[in-house]
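> Quick one, fold the following:
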Amino acid sequence: MTPNDHKQRLMAKSRPFLLLALAALIPVAIISGVIDVYVIQARKATLEQVLRERAGYAAAALSKEVSMQIQLLTMLSDSPRLDPPVDRRDFLELAGRMRMRIPAWQIIRVTDPRGRILLSNPPLHSGPGAVVVEADSNDRVFDTGKPAIGNVVRGPGGLAAFPVRVPVSRDGKTVYGLTAVIAAQTLTDVLRSNGLPVTWAAWIESESGTLLASSVGNVDFVGGPVAALRKTPVFDGLGLTQMADGEELQSYSAKVDGLPWRVTLGMPLGQYQALSAQSFRFLVLIVMLTAVLSSFAIWLFVRELRARRIEEAAIANWQRMDALGRLTGGVAHDFNNLLMVFQSGVESIRRRRNDEKRLDQVLNMMVEAVDRGKSMTQRLLSFSRRSNRGAETILLQKPIGDAEKLFQQAALDNVTLNMAIDRDLWPVTIDPQALTTALINIVTNAREAMASGGGVTIKARNVQDLFAETKKLVGPGIVITVSDDGPGIPRQYVHRVFEPFFTTKGAAASGLGLTQVYSFAERSGGMATAANGDSRGSSISIYLPRASGEAVLAASPEASAPFLPRKVLIVDDNAASLQAARLGVEELGLEVAAAGSGQEALAILDGAQDLDLVLSDVMMPGMNGLQLRDEVRRRFPAIGFALMTGYSEDLEAGAKAGVPVLSKPFTADELRYALVRAMEDRDRKAENVIPLWRVATAD
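Predicted coordinates for the structure are as follows:
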């Protein structure tokens, strides 16, 4: 044996130990780095939270301070001593008392609509005819009859102050303006009263860019442009601010409620970034060590991984093609059956149009075919959907009880259906329709397993701790169990019954029934299990977590007020679908306009004055239904909106958009309900706009 061969054999023997060492070291290195980063981020987040809270406290304190000054001044304006004509001696006495009680009031004045100072305490040195320095707020008081806060300005004496003005109203008319001039230092004192750290900075600025108060910088900056204090603009929330002296701050800015002011607090950026510097070297070391170890591990496994990926890709591709073939074959079979029903129905109607009895039979047969097709597509969509759209917090007694006839129909006459539903079930958050479909699928499977008849029992009960029965879910919940006394599930298939397309019934079955059950349970935050009985039979159990909220009663189409639009604009790029929707709306006795695209619909809306609602398809070329909804809401807010679609993703997108969504195909009752909801939503939004406008004009 050559030395080279001996070396290779030694490396081959040591490789497992090397891999074991790597498997131990890499997680340790990564976890150490993650913990270090997490600690840094947590400390930064704490500083940001402190900054945010202090800014919020300062904004609230400023709003409270100004509101209090307005209230005090308003009470003073109601004094009989200010009834016109105001006696100068009475005013000076009253104002002097108020200034002694409220030291923040540097000056108290009475003004007229032109801004002339009629009375002042302390008295003016310039004599009669003097006007206010900050006239804009005085004009607003007389124009609106409401209190106004002026900007910080410097008066003739060099004092930086701002006026608080209220109207003196008599008999519903503003006769005077009453002003209290407050030093800007009062605002600075409010900032400092919040326990401002010595190294931090705080300032207040107006929307017009005036510096109102500041805890740092030259006091002469107050009353001037805020650019003298800071270089970079500030925006609401967390940000980086550069001061005029070059210092950088990690800052947080918040608006002052009810005032065109913004308060900003900032800490030195170096203090904020010191946390990162403390562990930078350690983090770099961890990253380098992890990179070296990972590279070595990758080098050892790269060939094996490549081979496995090629093999797995081939298997996955084969599985996809096999699943797709079975799915398309099953769907094509069911779809051809439906087409056969419609083909024979259409030919029968053409041949025997005057035979009303025969016509009713054919139409009933076609309606049943539509229901079967709709049920088939709903099962497919339910299987493919991942979100819990349509979920409600309900008590299971009602949906299970309401669907008992459907369960009996699924069981047929040779199978006895027993119901054992506890009366005190806890609320759960689920899609009721999906629950009904899931239980029907289970009952159907049980009936097909008992060709000679038998019994099916549906039970529902509370479970104090789901973990005791599932070993996966935690906390209280509910279990729904459907059991039968058939031959049971073959032992080798128990773990496969929920797999997509798995079936023991041959090509005639789709293999999606129990898959829908599993998908429903998973979307609802629970799980589904299958088991055999002790002696015979099988059971399928659905475990659902208890809802945190209370059960609510869901609105139904029958409970809605029949408030329909007068004229509806239907938008659909598919001519056949457009015509079908048009016929459905006309059957409700409504006027209809039609458009083949979103652009055409907007053109019709621009020229029409009598349209109440738009019913649009979602999937359209160019402008889709969701984009059209945005345009209609922006340009025509008085017009209601509803969507229709055949895609589950669009149903969820429409629901998130806050508009009624019709799932194709839909019945006349479903159409009526959607139109009623759309009109109610429109009227509710219109009602919400009026109070907001009134509040805005009443401030």
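> What helices and strands are in contact with whichever strand or helix holds Ala180?
Following DSSP states H and E, the helix or strand that holds Ala180 is strand 173-183. Contact here means 3 or more C-beta pairs under 8 Å, 6 or more residues apart in numbering; DSSP states H and E; on that basis strand 173-183 packs against helix 3-77, strand 105-111, helix 135-144, strand 160-170. Yep, even glycine has a C-beta here, placed from its N, CA and C like the rest.
> Partner strands of it, with direction?
strand 105-111 (antiparallel), strand 160-170 (antiparallel) (DSSP bridges).
> Reformat these as JSON lines; add mean neighbour count.
Output for these, formatted as JSON lines (neighbours: other C-beta atoms under 10 Å):
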{"stretch": "strand 105-111", "mean neighbour count": "22"}
{"stretch": "strand 160-170", "mean neighbour count": "22"}
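> Ala314 is nearest to which of those strands?
strand 160-170 (77.3 Å; C-beta to C-beta).
> looking at this, Ser208 is in a strand?
No: per DSSP: H, G, I helix; E, B strand; the rest coil, Ser208 lies outside any strand segment and is coil.
> Can you name the helix or strand that the nearest residue to it once chain neighbours are set aside falls in?
Nearest residue to Ser208, sequence neighbours excluded (C-beta to C-beta, 6 or more residues apart in numbering): Asn151, at 6.8 Å. Remark: Asn151 resides in no helix or strand, with elements defined by DSSP H and E.
> and if you look at Ala420?
Assigned by DSSP H and E, Ala420 falls in strand 415-421.
> Show me where the stretch 501-650 of the chain has its strands.
Per DSSP state E, counting those that start in this stretch, the stretch 501-650 of the chain carries strands over the ranges 527-532, 538-545, 567-571, 591-595, 613-617, 640-645.
> Show me which helix or strand of the protein is least confident by mean pLDDT.
Lowest by mean pLDDT, DSSP states H and E among the helices and strands of the chain is helix 648-657, with a mean of 60.
> looking at it, Asp139 is touching Gly115, isn't it?
Yes: Asp139 is within contact range of Gly115, at 7.4 Å (criterion: C-beta atoms under 8 Å).
> doesn't Thr290 make contact with Ile30?
Yes: Ile30 lies in contact with Thr290 (C-beta under 8 Å); the separation is 5.8 Å.
> What is the neighbour count of Phe520?
Neighbour count of Phe520, defined by other C-beta atoms under 10 Å: 27.
> and Leu285, what is it in contact with?
Counting by C-beta atoms under 8 Å, 6 or more residues apart in numbering, Leu285 makes contact with nothing.
> Where does pLDDT dip in the stretch 51-200 of the chain?
The model of the stretch 51-200 of the chain has pLDDT under 70 over residues 126-127.
> err, the stretch 201-350 of the chain, not the other one
For the stretch 201-350 of the chain, applying pLDDT under 70 flags the ranges 275-283, 293-308, 311-312, 316-334, 338, 341, 345.
> care to break this structure down by domain?
Each domain of the chain is listed here as a residue range: 78-183, 199-272, 387-545, 561-698, per automatic domain parsing.
> how long is the first one end to end?
In other words, domain 78-183. 24 Å (C-alpha to C-alpha, to the nearest Å).
> just the helices in the stretch 451-600 of the chain please.
Assigned by DSSP state H, counting those that start in this stretch, the stretch 451-600 of the chain shows helices spanning 467-470, 513-523, 575-587, 598-607.
> which of those is buried the deepest?
helix 513-523 (a mean of 22; mean count of other C-beta atoms under 10 Å).
> Quick check: phi and psi at the residue nearest to Ser208.
phi -80, psi 160 (degrees, to the nearest 10).
> ok, it - how many residues close by?
The burial count for Asn151: 17, using other C-beta under 10 Å.
> Hmm, it is touching Ser206, no?
Yes: using C-beta under 8 Å, Asn151 makes contact with Ser206 at a distance of 5.9 Å.
> Am I right that Leu671 is in contact with Gly584?
Yes: under the criterion of C-beta under 8 Å, Leu671 makes contact with Gly584 at 5.2 Å.
> Please report the distance of Leu47 from Ser215.
19 Å (C-beta to C-beta, to the nearest Å).
> Can I get whatever helix or strand Thr437 lives in as PDB, trimmed to CA atoms?
Following DSSP H and E, one finds Thr437 within helix 432-449. Taking Å, rounded to 0.1, in the frame of the first residue of the first chain, the C-alpha atoms of helix 432-449 are listed here in PDB:
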ATOM      1  CA  PRO A 432     -69.800  27.100   7.600                       C
ATOM      2  CA  GLN A 433     -70.300  26.200   4.000                       C
ATOM      3  CA  ALA A 434     -66.900  24.400   3.900                       C
ATOM      4  CA  LEU A 435     -67.800  22.500   7.100                       C
ATOM      5  CA  THR A 436     -71.100  21.300   5.500                       C
ATOM      6  CA  THR A 437     -69.200  20.100   2.400                       C
ATOM      7  CA  ALA A 438     -66.700  18.300   4.500                       C
ATOM      8  CA  LEU A 439     -69.300  16.400   6.500                       C
ATOM      9  CA  ILE A 440     -71.200  15.500   3.400                       C
ATOM     10  CA  ASN A 441     -68.000  14.100   1.900                       C
ATOM     11  CA  ILE A 442     -67.400  12.000   5.000                       C
ATOM     12  CA  VAL A 443     -71.000  10.700   5.100                       C
ATOM     13  CA  THR A 444     -70.900   9.900   1.400                       C
ATOM     14  CA  ASN A 445     -67.600   7.900   1.900                       C
ATOM     15  CA  ALA A 446     -69.200   6.000   4.800                       C
ATOM     16  CA  ARG A 447     -72.300   5.200   2.800                       C
ATOM     17  CA  GLU A 448     -70.300   3.900  -0.200                       C
ATOM     18  CA  ALA A 449     -68.400   1.700   2.200                       C
END
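> could you say what helices and strands that helix packs with?
Helix 432-449 sits against helix 356-384, helix 397-402, helix 404-411, strand 415-421, strand 454-463, strand 477-484, helix 513-523, strand 538-545, with contacts defined as 3+ C-beta pairs under 8 Å, 6+ apart.
> Make JSON lines out of these and add mean pLDDT and distance to Leu159.
Shown next, in JSON lines, are the helices and strands packed on helix 432-449 (pLDDT from 0 to 100; distance: least, C-beta to C-beta, whole Å):
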{"stretch": "helix 356-384", "mean pLDDT": "70", "distance to Leu159": "72"}
{"stretch": "helix 397-402", "mean pLDDT": "86", "distance to Leu159": "72"}
{"stretch": "helix 404-411", "mean pLDDT": "83", "distance to Leu159": "82"}
{"stretch": "strand 415-421", "mean pLDDT": "90", "distance to Leu159": "79"}
{"stretch": "strand 454-463", "mean pLDDT": "92", "distance to Leu159": "72"}
{"stretch": "strand 477-484", "mean pLDDT": "93", "distance to Leu159": "69"}
{"stretch": "helix 513-523", "mean pLDDT": "83", "distance to Leu159": "67"}
{"stretch": "strand 538-545", "mean pLDDT": "92", "distance to Leu159": "65"}
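> Ok, which of these comes nearest Leu62?
strand 538-545 (45.8 Å).
> So which residues make contact with the closest one?
428, 430, 438, 442, 445-446, 449, 463, 466, 469-470, 473, 475-484, 486, 488-489, 497, 514, 517, 520-521, 524-533.
> and those residues, which are buried?
Burial by neighbour count, judged by 16 or more other C-beta atoms under 10 Å, picks out 428, 430, 438, 442, 445-446, 449, 463, 466, 470, 473, 477-484, 486, 488-489, 497, 514, 517, 520-521, 524-530 from the contacts of strand 538-545.
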